[in-house]
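Asker: no sequence for this one, just the structure:
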């Protein structure tokens, strides 16, 4: 009975998730002649989710975004953006209307002012005069550029240009925003501003597809991460990816390690137990359940516990390992 | 295709062009300079009375403005397309819900209007100055405007301008800088310059019939090259194959 109930709940949850999927990719492949840029990519991004696509240069991140934005064709597989099938001629304009793109190079018209840049794109997205005026004022004020609205974009700093490019991608209130390396080449302060802005977009239920090299950034702002190296080598939350490599470890600092304590611990069937001085390191799956047992066993064996720490491999370690293992 | 959108794209292009002093000077300066130089030359020819070759000479000079209307648009078209490629502004533009045809038409309108207007301005200055000079020398009527000049300026020049833009678009897909696109597009001048010399040496007569035949040939070429340039302007090719 319980099994049936659990199964039903799973089906309900999955149905709910599928219903709100904004990006659905299945076996997506892109070849340029003999070169395979993206191979058999499968992933889904739910509404309001910040998805980070990590990967080295040439991994196919930009190609993936370009395929999803209907800028280049796919060789094989299927992809849906906002429910519209990518690759169908009749859906191209529909998809472009609901997406915003921040390319890796900001691509602003440097001889136009900040206001003129946004106004032009607002026009291309068929926004009315009043809608454009309202959106431009809203975004320029939000991003701290209102005072510079009449300055030429060419006179802006990199950070200001990046902010303006983000405002341009949002001028038509898109449901999905694709960002290709939005904080690359920015100073830490400007990068932080952009990251905070992305998190604000998440609050507004916008779906963000983020290409990045920056692991720290991905960890801070992404709900889900995919590691791409032509093929998708890993997919999950940042925490899941960290655990997937080396799992988690419990480090117990004792006042004195002795044979009695080690023998007692061995009886618990612990995995990969190592000692280094008076420090014990053990692989754990669920530290919340396993650590009290270990501490209890040590105390009963006459040991004195000074500290208990749980560690896991970093996202950087996970990323480097996966990329190295899956180099084409 | 949305009819107003190409015009909006053209407006933005014209705004960008209007802020590039070198393009303004070039587009406006060359026709005015030529009109002044040839007015002075023609005035010196008429110093001893009205020359017999006036018709041939003045018409050839009007034809020079057709050549300008052929040459100048390619500069702007090349800047408008290759310039965007160089400045990396094409990708966000291509991601908007605009069709290839709307973008291409908008850019073509922007490349067409300033050169044709400046060619007409230059030709008008020349025609006005010529009339003034000839009246002073005793010609009892206004030589300009006449049907030949009108055919050249109102029919031949626009068609030549369109031809030049189409070639510039095609050239833009083969080069990585504005200068390169200009050089390739500049090849379109060769037959026009050939006709100029043929006219100057009396081999080609700038008669209404000849000009209409020439215009018809250009019109057919425009139609053919428009479909070629449209097929060249494909988003995927621009982003992945254009140099």
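Answerer: Nice, thanks for sending it over. Remember, it's a predicted structure, so these values are computed and weren't measured experimentally.

Asker: Nearest spatial neighbour of residue B:219, chain-adjacent residues omitted?
Answerer: residue B:159 (5.7 Å; C-beta to C-beta, 6 or more residues apart in numbering or on different chains). Where you see a C-beta, it was placed from the backbone N, CA and C, and this is true even at glycine.

Asker: right, and that neighbour touches residue B:220 too?
Answerer: No - using C-beta atoms under 8 Å, residue B:159 is not in contact with residue B:220; the gap is 9.8 Å.

Asker: Neighbour count for the two, which is higher?
Answerer: residue B:159 (21 against 11; other C-beta atoms under 10 Å in any protein chain shown).

Asker: mind checking how far the more buried one is from chain A?
Answerer: For residue B:159, the distance to chain A equals 30 Å [C-beta to the nearest C-beta, to the nearest Å].

Asker: Quick check: mean pLDDT of the host helix or strand of that residue?
Answerer: Assessed by DSSP states H and E, residue B:159 sits inside helix B:157-172. Helix B:157-172 shows an average pLDDT of 91 in the prediction.

Asker: other SSEs contacting that helix?
Answerer: helix B:54-86, helix B:100-136, helix B:178-185, helix B:208-232 (3 or more C-beta pairs under 8 Å, 6 or more residues apart in numbering or on different chains; DSSP states H and E).

Asker: now, of the ones you listed, which is deepest in the fold?
Answerer: Highest mean neighbour count among the helices and strands packed on helix B:157-172 (mean count of other C-beta atoms under 10 Å in any protein chain shown): helix B:54-86, with a mean of 24.

Asker: right, and the helix or strand after it?
Answerer: helix B:90-94.

Asker: Run the chain-centre distance for stretch B:213-233.
Answerer: 15 Å (C-alpha atoms, centre = their mean, to the nearest Å).

Asker: same question, stretch B:87-104
Answerer: With C-alpha atoms, centre = their mean, you get 25 Å for stretch B:87-104.

Asker: How about it and chain A, touching?
Answerer: Yes - Stretch B:87-104 lies within reach of chain A by C-beta under 8 Å from any C-beta of the partner chain, at B:87-99.

Asker: Quick check: PyMOL command selecting the buried ones in these.
Answerer: Remark: buried members of the residues of stretch B:87-104 next to chain A, expressed as a PyMOL selection using 16 or more other C-beta atoms under 10 Å in any protein chain shown:
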select buried, chain B and resi 89+90+91+92+93+94+95+96+97+98
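
Asker: Disregarding flanking residues, what is the spatial nearest neighbour of residue B:28?
Answerer: Nearest one to residue B:28, counting by C-beta to C-beta, 6+ apart, is residue B:118 at 5.1 Å.

Asker: show me what contacts that neighbour?
Answerer: By C-beta atoms under 8 Å, 6 or more residues apart in numbering or on different chains, residue B:118 lies in contact with B:27, B:28, B:30, B:31, B:32, B:68, B:72.

Asker: And the last one, how far from residue A:195?
Answerer: What that stands for is residue B:72. Distance, residue B:72 to residue A:195, using C-beta to C-beta, to the nearest Å: 47 Å.

Asker: How about the third one?
Answerer: Using C-beta to C-beta, one obtains 51 Å as the distance from residue B:30 to residue A:195.

Asker: Which positions in chain B make contact with chain A?
Answerer: Counting by C-beta under 8 Å from any C-beta, chain B sits next to chain A at B:2, B:5, B:8-9, B:12, B:15-16, B:19-20, B:87-99, B:235-236, B:239-240.

Asker: can you pull the contacts of the most centrally placed residue in chain B?
Answerer: For chain B, residue B:69 is the residue whose C-alpha lies nearest the centre (C-alpha atoms, centre = their mean; 2.1 Å). By C-beta under 8 Å, 6+ apart, the contact list for residue B:69 reads B:115, B:116, B:119, B:157, B:158, B:160, B:161, B:164.

Asker: Please verify my assumption that residue A:266 contacts residue A:273.
Answerer: Yes - using C-beta under 8 Å, residue A:266 is in contact with residue A:273, at 7.2 Å.

Asker: okay, those two: which has more neighbours?
Answerer: Legend: neighbour count by other C-beta under 10 Å for residue A:266 and residue A:273, higher for residue A:273 (15 against 11).

Asker: what residues are up against that one?
Answerer: By C-beta under 8 Å, 6+ apart, residue A:273 lies in contact with A:262, A:265, A:266, A:280, A:281, A:282.

Asker: Please report the distance of the fourth one from residue A:266.
Answerer: In this structure, residue A:280 and residue A:266 are separated by 11 Å, where distance is defined by C-beta to C-beta.

Asker: give me phi/psi at the closest residue to residue A:60 other than its chain neighbours?
Answerer: Leaving aside its chain neighbours, residue A:60 sits nearest to residue A:38 (3.9 Å; criterion: C-beta to C-beta, 6+ apart). With angles defined as degrees, to the nearest 10, residue A:38 sits at phi -130, psi 130.

Asker: how many neighbours does residue A:38 have?
Answerer: Here the number of neighbours of residue A:38 (other C-beta under 10 Å) works out to 26.

Asker: could you show me where the helices are in the stretch 201-328 of chain A, in order?
Answerer: A:215-221, A:238-246, A:259-266, A:287-300, A:315-325 (DSSP state H, counting those that start in this stretch).

Asker: which one of these is the most hemmed in?
Answerer: helix A:215-221 (a mean of 20).

Asker: So for the helix-or-strand element of chain B with minimal mean pLDDT, what gets flagged as buried?
Answerer: In chain B, the helix or strand scored least confidently by mean pLDDT, DSSP states H and E is helix B:235-240, which has a mean of 76. Buried residues in helix B:235-240, counted by 16+ other C-beta under 10 Å: B:235, B:238, B:239, B:240.

Asker: OK, contacts around the residue lying closest to the first one once chain neighbours are set aside?
Answerer: Closest residue to residue B:235 apart from its sequence neighbours, by C-beta to C-beta, 6+ apart: residue B:94 at 4.9 Å. Listed by C-beta under 8 Å, 6+ apart, the contact partners of residue B:94 are A:71, B:103, B:235, B:238, B:239.
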